[in-house]
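Visitor: I need the structure of the sequence given here:
(4 chains)
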There are 2 protein chains.
Amino acid sequence: MSGDALVEVLSALANPIRLRILGTLANGRDYVSSLARVVGISRPLLHMHLQRLEAAGLVVGTLELSADGKAMKFFELAAIDLHLTADTLAAAARTLSSDPATGTAGGPHREEKQ
Amino acid sequence: MSGDALVEVLSALANPIRLRILGTLANGRDYVSSLARVVGISRPLLHMHLQRLEAAGLVVGTLELSADGKAMKFFELAAIDLHLTADTLAAAARTLSSDPATGTAGGPHREEKQ
DNA sequence: TTCACCTGTAAGACTTCTCTGACACATGAA
DNA sequence: TTCATGTGTCAGAGAAGTCTTACAGGTGAA
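Guide: Numbering: from 1, shown residues only, chains lettered A, B, ... in the order given. Predicted coordinates:
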């Protein structure tokens, strides 16, 4: 995993509500409104946190139709297996796109300053 | 590790500069001013990031006197070994102090609303 | 129609994080 | 003294994250 991707995953995990969402989904998949009630937060707020978790690849959402025809979006845990040590962190740091020392911003096709 | 401590560690790790600081310290201990030059950021900024890393227990700082009598603060990596899986994350989530469902804020001696 | 459930999103307020620039203090060497 | 090195800290600006409220749309059942 690249350093940039690792930062995104770690910042997605570094939040009590999102950790609680993952802990709830560890018991099984659930749809948005139900999950909001279980976790105890508003649905728009949960929606924002789920977006963050999905962008980091920690959960996977699937839009399905229930038996009575209602559209329901189910979320489930993605496979998570991160081993963080000094070595793995250092290796990830070497692949970071942003570089304060040279001013590399990380975007594609960047021109170097003369 | 408690859920609260895990969130602190993860949020400390979830930053490109702090990841780069850890990657640099993986090569050996260094003092603040030198580290700032290597990483390529200002000393006050590095100071802030080191505070964050030290608070999370990821680095250890030691104030020492150099041969010519100058006070120098050396930092080195702490032992880091975090294994993140669905199970370990769920276990950490269960020990979180804040609880949106019941309104528990997490502070000590908190009075419940009547 | 009206209600209860489901979905998504946008605006604004508020808080936290990040970063720069300036300050104060110490030492040894020229 | 002046310069170069080291330490720490503060104030403010700007960016990013967090959360609430309000709106929009959909279905099936009473």
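
Visitor: Which strand residues bridge A:Thr85?
Guide: Assessed by DSSP bridges, A:Thr85 has beta-bridge partners B:Asp81.

Visitor: Report the contact partners of A:Leu53.
Guide: By C-beta atoms under 8 Å, 6 or more residues apart in numbering or on different chains, the contact list for A:Leu53 reads A:12, A:18, A:21-22, A:59. In short, each C-beta sits where N, CA and C put it, glycine included.

Visitor: Nearest to DNA strand D among the residues you listed?
Guide: When the contacts of A:Leu53 are compared for distance to DNA strand D (C-beta to the nearest atom of the strand), A:Arg18 wins out at 7.3 Å.

Visitor: The one helix or strand A:Leu63 maps to near DNA strand C at all?
Guide: Using DSSP states H and E, the element containing A:Leu63 is strand A:59-65. Yes. Judged by C-beta under 7 Å from any atom of the strand, strand A:59-65 comes into contact with DNA strand C at A:61, A:63.

Visitor: Format the CA atom coordinates belonging to stretch A:4-16 as PDB.
Guide: Only the C-alpha atoms of stretch A:4-16 are listed here, as PDB (Å, rounded to 0.1, in the frame of the first residue of the first chain):
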ATOM      1  CA  ASP A   4      -0.800   8.200   0.500                       C
ATOM      2  CA  ALA A   5      -3.300   5.400   0.700                       C
ATOM      3  CA  LEU A   6      -2.100   4.500   4.200                       C
ATOM      4  CA  VAL A   7      -2.700   8.100   5.400                       C
ATOM      5  CA  GLU A   8      -6.200   7.900   4.000                       C
ATOM      6  CA  VAL A   9      -6.900   4.600   5.700                       C
ATOM      7  CA  LEU A  10      -5.400   5.800   9.000                       C
ATOM      8  CA  SER A  11      -7.300   9.100   9.000                       C
ATOM      9  CA  ALA A  12     -10.500   7.200   8.200                       C
ATOM     10  CA  LEU A  13      -9.800   4.900  11.200                       C
ATOM     11  CA  ALA A  14      -8.800   7.700  13.600                       C
ATOM     12  CA  ASN A  15     -12.300   8.700  14.700                       C
ATOM     13  CA  PRO A  16     -14.400   7.200  17.500                       C
END
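
Visitor: Please point out which parts of the longest helix along chain A sit buried.
Guide: If you go by DSSP state H, chain A has its longest helix at helix A:43-55. Neighbour-count burial for helix A:43-55, with 16 or more other C-beta atoms under 10 Å in any protein chain shown as criterion, is recorded at A:46, A:49-50, A:52-53.

Visitor: Of all the residues in the helix or strand A:Asp87 falls within, which ones are buried?
Guide: Per DSSP H and E, A:Asp87 falls inside helix A:86-94. Of all the residues in helix A:86-94, those buried under the rule 16+ other C-beta under 10 Å are A:86, A:88-90, A:92-93.

Visitor: Now flag whichever of those is closest to chain B.
Guide: Ranked by distance to chain B (C-beta to the nearest C-beta), the buried residues of helix A:86-94 are led by A:Ala93 at 3.0 Å.

Visitor: which stretch of helix or strand covers the residue lying closest to the closest one once chain neighbours are set aside?
Guide: Leaving aside its chain neighbours, A:Ala93 sits nearest to B:Gly23 (3.0 Å; criterion: C-beta to C-beta, 6 or more residues apart in numbering or on different chains). Assigning secondary structure by DSSP H and E places B:Gly23 in helix B:16-25.

Visitor: Next, see if that helix gets close to DNA strand C.
Guide: Yes. Contact of helix B:16-25 with DNA strand C (C-beta under 7 Å from any atom of the strand) involves B:Ile17.
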